[in-house]
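>>> Here's a sequence, model it:
(one chain, ligands or ions: 1)
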Amino acid sequence: MTDLRVEGLQVAYETRPGERLVACQDISLTVASGEFVTIIGPSGCGKSTVLHCMGGLLPPTQGRVLFGGDEVVQPNPHNAAFVFQDYSLFPWKNILENVGMGLTFAGAGKTEIAGKAAEKLDFVGLGEFAHALPRELSGGMQQRVAVARALAMEPRVLLMDEPFGALDEQSRRTLGSDMARILEQTQRSVVLITHSLDEAIFWADRIIVMSARPGTIIEEIEVKAPRPRDLSMMTEPEFQAIRVRLFDLIQLQQAKKAPQPLAGGR
Ligand SMILES: Nc1ncnc2c1ncn2[C@@H]1O[C@H](COP(=O)(O)OP(=O)(O)OP(=O)(O)O)[C@@H](O)[C@H]1O
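Next up, the predicted model:
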């Protein structure tokens, strides 16, 4: 079953009156139920733009996004919830309140919010920090709070934009293995943007590789390794072969990334 379908997506930003910057174009892809898709590509190629369209945060200039067959025209966190790099926690709210924030915005009742928020906080192993403020937690812990907040909405798809980007290597690893457990237990579909070749391969059922801007899909690579996976996977020849392929593709795209003039008009 397909959760998300992107058809012929193009996004052009109006940078100044009469000037448009085409961020991505001709993007067509699907995300099946329970599938883990990673997106990788040179900086500025439109990865976040595509993700924002998938979650209804941004309208496409051309093409459309379908969720379970219905066109996505606005965010619906029960369908797709975001986890961003900067956690986006409210500093003056305690951790439990932060986890319940999405539900609060969605108009859920107090009892439901408290129950679900506490359950998801326990699930990410932070139950004892319910009454702490975000600044009392490490970066990795704050990101787990952001994951709990997204999971509290019980979305069918998690859209994750460089969620480990701000973390040090050790926190990335710890959060990475926590996430593996969480995702395997919750059976969500996930779309993850990353700049890390290793992360792109380790997590993925399928890797989508984008060209330099305007970003298009230049390759899709299936990763057939069974789950659950552990770090020893990275020493396997199949992993290394995909890594070399990704490295070459990205290098080529980086080299093509000469400064591009802005497109005028349509
Ligand atoms: N709101 C906006 N207005 C104008 N241009 C924008 C806007 N948002 C993004 N862009 C431009 O669109 C292009 C794609 O940006 P986007 O953030 O989607 O790329 P990305 O691949 O996610 O980048 P990175 O890997 O560096 O995070 C970039 O050239 C960016 O400067």
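>>> Identify the residue of the stretch 101-250 of the chain closest to the ligand, quick one.
The ligand sits closest to residue 213 of the stretch 101-250 of the chain, with a gap of 5.4 Å, by C-beta to the nearest ligand atom. (Each C-beta comes from the backbone N, C-alpha and C, glycine too.)
>>> For the residue nearest the centre of the chain, give the beta-bridge partners.
With distances taken as C-alpha atoms, centre = their mean, the residue of the chain nearest its centroid is residue 160 (1.8 Å). Partner residues in beta bridges with residue 160, using DSSP bridges, are residue 83, residue 192.
>>> wouldn't it be in contact with residue 83 here?
Yes: under the contact definition of C-beta atoms under 8 Å, residue 160 touches residue 83, with a separation of 4.5 Å.
>>> ok, the residue of the stretch 101-250 of the chain closest to the ligand - contacts?
22-24, 42, 44-46, 257, 260 (C-beta atoms under 8 Å, 6 or more residues apart in numbering).
>>> Spell out which residues of the stretch 1-150 of the chain are next to the ligand.
13, 15, 21, 23, 41, 43-49 (C-beta under 6 Å from any ligand atom).
>>> Now with 5 Å, please.
In this structure, the stretch 1-150 of the chain approaches the ligand at residues 13, 23, 43-49, judged by C-beta under 5 Å from any ligand atom.
>>> Farthest-apart pair in those residues, please.
The most widely separated members of those are 13 and 43, with 16.1 Å between them, by C-beta to C-beta.
>>> Tell me which of those two has more neighbours.
For residue 13 versus residue 43, the count of surrounding residues by other C-beta atoms under 10 Å is larger for residue 13: 13 against 10.
>>> what's that one in contact with, if anything?
Here residue 13 is in contact with 20-21, 23 (C-beta under 8 Å, 6+ apart).
>>> Helix, strand, or coil at the residue nearest to residue 75 when sequence neighbours are not counted?
Counting by C-beta to C-beta, 6 or more residues apart in numbering, the nearest residue to residue 75 once its immediate chain neighbours are dropped is residue 56, at 4.3 Å. Secondary structure of residue 56, reduced to three states by DSSP: H, G, I helix; E, B strand; the rest coil: coil.
>>> Residue 71 versus residue 56, what's the distance?
10 Å (C-beta to C-beta, to the nearest Å).
>>> So these two - more neighbours on which side?
Taking neighbours as other C-beta under 10 Å, residue 56 and residue 71 compare with residue 56 leading, 18 against 11.
>>> Phi first, then psi, for that one.
Note on residue 56: its backbone torsions stand at phi 80, psi 20 [degrees, to the nearest 10].
>>> ranges for the strands of the stretch 151-266 of the chain?
Taking DSSP state E, counting those that start in this stretch as the test, the strands found in the stretch 151-266 of the chain are 157-161, 189-193, 206-210, 217-222, 263-264.
>>> will you turn these into JSON lines that also has mean pLDDT and distance to the ligand?
As requested, those are arranged in JSON lines below (pLDDT from 0 to 100; distance: least, C-beta to the nearest ligand atom, whole Å):
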{"stretch": "strand 157-161", "mean pLDDT": "93", "distance to the ligand": "7"}
{"stretch": "strand 189-193", "mean pLDDT": "93", "distance to the ligand": "6"}
{"stretch": "strand 206-210", "mean pLDDT": "98", "distance to the ligand": "7"}
{"stretch": "strand 217-222", "mean pLDDT": "97", "distance to the ligand": "13"}
{"stretch": "strand 263-264", "mean pLDDT": "54", "distance to the ligand": "12"}
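>>> need these in TSV with distance to residue 177, can you?
Below are the strands of the stretch 151-266 of the chain laid out as TSV (distance: least, C-beta to C-beta, whole Å):
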stretch	distance to residue 177
strand 157-161	16
strand 189-193	15
strand 206-210	20
strand 217-222	23
strand 263-264	44
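>>> And those strands: which comes nearest residue 36?
Residue 36 sits nearest to strand 189-193 of all the strands of the stretch 151-266 of the chain, at 4.8 Å, using C-beta to C-beta.
>>> Report all helices and strands that the closest one contacts.
Counting by 3 or more C-beta pairs under 8 Å, 6 or more residues apart in numbering; DSSP states H and E, the packing neighbours recorded for strand 189-193 are strand 2-16, strand 19-32, strand 36-40, helix 47-54, strand 157-161, helix 197-203.
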